[in-house]
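K.L.:
the following comprises the amino acid sequence and a computationally predicted model.
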Amino acid sequence: MHPAEPAIPSAQWWGSPAAWPDVKGWRVHTIEDVPTAPGALPGVGHLHLLAGRRLRFLESLPGVGPLVRIRLGTAPVYVVTDPVLVHQVQSSKGRSFGRGKQFERMIPLLGHGVITSDGELYHRQRRVIQKAFTPAHIERHVASIHRRTKESCADWKPGRPVDVLEVMKALSVAVTAETLFSNRLPEGVLAQLHRVLPVIERAAVERPMLPKVVDRLPLPYVRRGDEAMARMRALVDEAVAACRERSPEGGGDVVAHLLAARDPDTGRPLADDLIRDEVIAMLIGGVANVPTTLSWAWYHLALRPGAERRMLAEIAGIAGTAEPGHAVTTSTDPRALPYTRAVMYEAMRLHSVQLVTQRTTAAVELGGFMLPSGTDTAYSQHSLHTDPRFCRRPEAFSPERWLPGSDWKPPRHSFVPFGGGRFKCIGDNFAVAEMMATLVAVGGSWRLTLRPDTRVRTSLREPIPGPRGLMLVPEPI
Ligand code: HEM
């Protein structure tokens, strides 16, 4: 599936627990009975596989069992590979799971925003931020995403290659900043955010896999992450102060809601530190996954001219009416542009978040195994979405599988690009509208082709592995 990575043999196929007889009345196995993934080394565990062949390794885990022990150094993590069990973790058994290792390890870096917090604080934060993601708010932003995308492609020169991931990242920073601050951002802040965000994103993906002691080592990699984070805090403080001064009520953006929020017990406004952490959480969440997904979409389209033609023809069908209002209806209406939407879903299926962790907060039975309180668990959207049990030729980019009339439907709970349950991505609907608006805006004027000598590598620095070295050549339509 990832040509650069050699295959990892899987151990054994256990069958889906959904097909097992009811485990009640059976001996429930203890956590010691959970099979360990092959390839662990003493003291290192599976870290060498996670470092070098991460995607292959994650793809091999369903072959070991519905619940698989991996080791990060000596620390065990139990990876849930069956979609029915993943759904139980998120829903019926969700009360017995809290945030896990990954999020806890992000706290020193990102603070206590909605990405890392849990419990009562988390619910309050989520309620406040959710107010900025209503359909009406999303619609308002779509027109501006469409306009911004058109502007950022305006200086493309036919035949001159562009680094698509970089363009998509710059766009996403601008779009996310607008959802947070409307147009109250001080001069220059946007460009600086664009510079520091990739460094922080990389640290947020890689540090949780490494032992805590790494954070205190005098390594250039650690120093760069810490410096970028310090810079980010200063930038966000400056931006929030500017919002307070200019118009605290904003335009119903996230910062306006945070400034207006009151502690239900004390009636006091939120502490400045918490507002800053919240804004950082939203920035990280907002820019992490949209650019990689869109860049992969353009890459696959360039490799499959038939799919590209079909999508561009669909977009051309609405391009005559280029007024912003039209961009809104086509990007937020789930019935509009079915092929373009299928391209987006297929890019999300093939390129998804690598791993999301949880930790049990009480003893809980999962898949016939009893997990004690405090057990670290995880699941991989990437491995669910590319599992050959649920998807024929999972490695193929085939938007057609998402079209009405296709004989394929993802089995229940097996397609969860935004996660699920109480920690589900808060920006899911926004992300879909943003990606649709961007595809429509670029595809209305340009086709992007791949030079034959282009070598694209899958980089693991982003939560959704990104395409490194992807230079595409724009040709006007
Ligand atoms: C392709 C686009 C995106 C994908 C695939 C994606 C995926 C995810 C996933 C898998 C999670 C973790 C869910 C869990 O812990 O179970 C998450 C959380 C989150 N995402 Fe997204 N996301 C996307 C876009 C966005 C956007 C555009 C925003 C903001 C504007 C955003 C903000 C967040 C936040 C704040 C969280 C933490 C939510 C919480 O724990 O309550 N995401 N996202």
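P.N.:
Right, received. Where do you want to start? Numbers count the residues shown, from 1 in each chain.

K.L.:
can you pull the buried residues of the longest helix seen in the chain?
P.N.:
Longest helix in the chain, counting residues (DSSP state H): helix 220-246. Neighbour-count burial for helix 220-246 flags 222, 225-226, 228-229, 231-233, 235-236, 239-240, 242-243 (criterion: 16 or more other Cβ atoms under 10 Å). Every residue, glycine included, has its C-beta placed from N, CA and C.

K.L.:
list the contacts for Leu58?
P.N.:
For Leu58, the contact set (Cβ atoms under 8 Å, 6 or more residues apart in numbering) comprises Val79, Gln354, Leu355, Ser380, His382, Ser383.

K.L.:
check contacts around the most centrally placed residue in the chain.
P.N.:
Nearest residue to the geometric centre of the chain (Cα atoms, centre = their mean): Asn289, 4.2 Å. Residues in contact with Asn289 (Cβ under 8 Å, 6+ apart) are Val353, Ala431, Glu462, Pro463, Ile464.

K.L.:
tell me the confidence at it?
P.N.:
On pLDDT, Asn289 comes in at 95.

K.L.:
roughly how far apart are it and the ligand?
P.N.:
Asn289 sits 3 Å away from the ligand, going by Cβ to the nearest ligand atom, to the nearest Å.

K.L.:
on the three-state scheme, the residue of the stretch 101-250 of the chain found nearest the ligand is what?
P.N.:
The ligand sits closest to Ile115 of the stretch 101-250 of the chain, with a gap of 4.4 Å, by Cβ to the nearest ligand atom. When classified by DSSP: H, G, I helix; E, B strand; the rest coil, Ile115 comes out as coil.

K.L.:
wait, it touches Glu278, no?
P.N.:
No - assessed by Cβ atoms under 8 Å, Ile115 is found out of contact with Glu278, at 9.3 Å.

K.L.:
for the residue in the stretch 151-300 of the chain positioned nearest to the ligand, which residues are in contact?
P.N.:
Here the residue of the stretch 151-300 of the chain nearest the ligand is Gly285; by Cβ to the nearest ligand atom that distance is 2.6 Å. If a contact means Cβ under 8 Å, 6+ apart, then Gly285 has Val114, Ile115, Cys425, Ile426, Gly427 as its contacts.

K.L.:
what's the neighbour count on the fourth one?
P.N.:
Right, Ile426. 22 (other Cβ atoms under 10 Å).

K.L.:
for the ligand, what are the nearby residues on this structure?
P.N.:
114-115, 126, 176, 179, 281-282, 285-286, 289-290, 293, 353, 356, 381, 417-419, 423-427, 430-431, 434 (Cβ under 6 Å from any ligand atom).

K.L.:
make a PyMOL selection of the buried ones in those.
P.N.:
Applying 16+ other Cβ under 10 Å to those, the buried members can be selected in PyMOL as follows:
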select buried, resi 114+115+176+179+281+282+285+286+289+290+293+353+356+381+417+418+419+423+425+426+427+430+431+434
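
K.L.:
which of the residues of the chain next to the ligand fall within helices?
P.N.:
Using DSSP H, those in helices are 126, 176, 179, 281-282, 285-286, 290, 293, 381, 430-431, 434.

K.L.:
so which of these comes closest to Arg412?
P.N.:
Gln381 (15.3 Å; Cβ to Cβ).

K.L.:
so who does that closest one touch?
P.N.:
Gln381 touches Ser352, Val353, Gln354, Val356, Val416, Pro417, Gly419, counting by Cβ under 8 Å, 6+ apart.

K.L.:
pLDDT wise, what is the second one at?
P.N.:
It refers to Val353. pLDDT, Val353: 95.

K.L.:
Phe238 is in contact with Glu187, isn't it?
P.N.:
Not quite, residue 238 is Glu, not Phe. No - using Cβ under 8 Å, Glu238 is not in contact with Glu187; the gap is 10.6 Å.

K.L.:
make sure I have this right: Glu475 is in a strand.
P.N.:
Yes - assessed with three-state DSSP, Glu475 lies in a strand.

K.L.:
what is the neighbour count of it?
P.N.:
A count of nearby residues for Glu475, using other Cβ under 10 Å, gives 12.

K.L.:
same check, this time on Pro305
P.N.:
11.

K.L.:
quick check: the gap between it and Thr449.
P.N.:
Using Cβ to Cβ, to the nearest Å, we find Pro305 at a distance of 9 Å from Thr449.

K.L.:
wait, isn't Phe103 in contact with Thr357?
P.N.:
Yes - applying Cβ under 8 Å, one finds Phe103 in contact with Thr357, separated by 6.7 Å.

K.L.:
no further questions, thank you.
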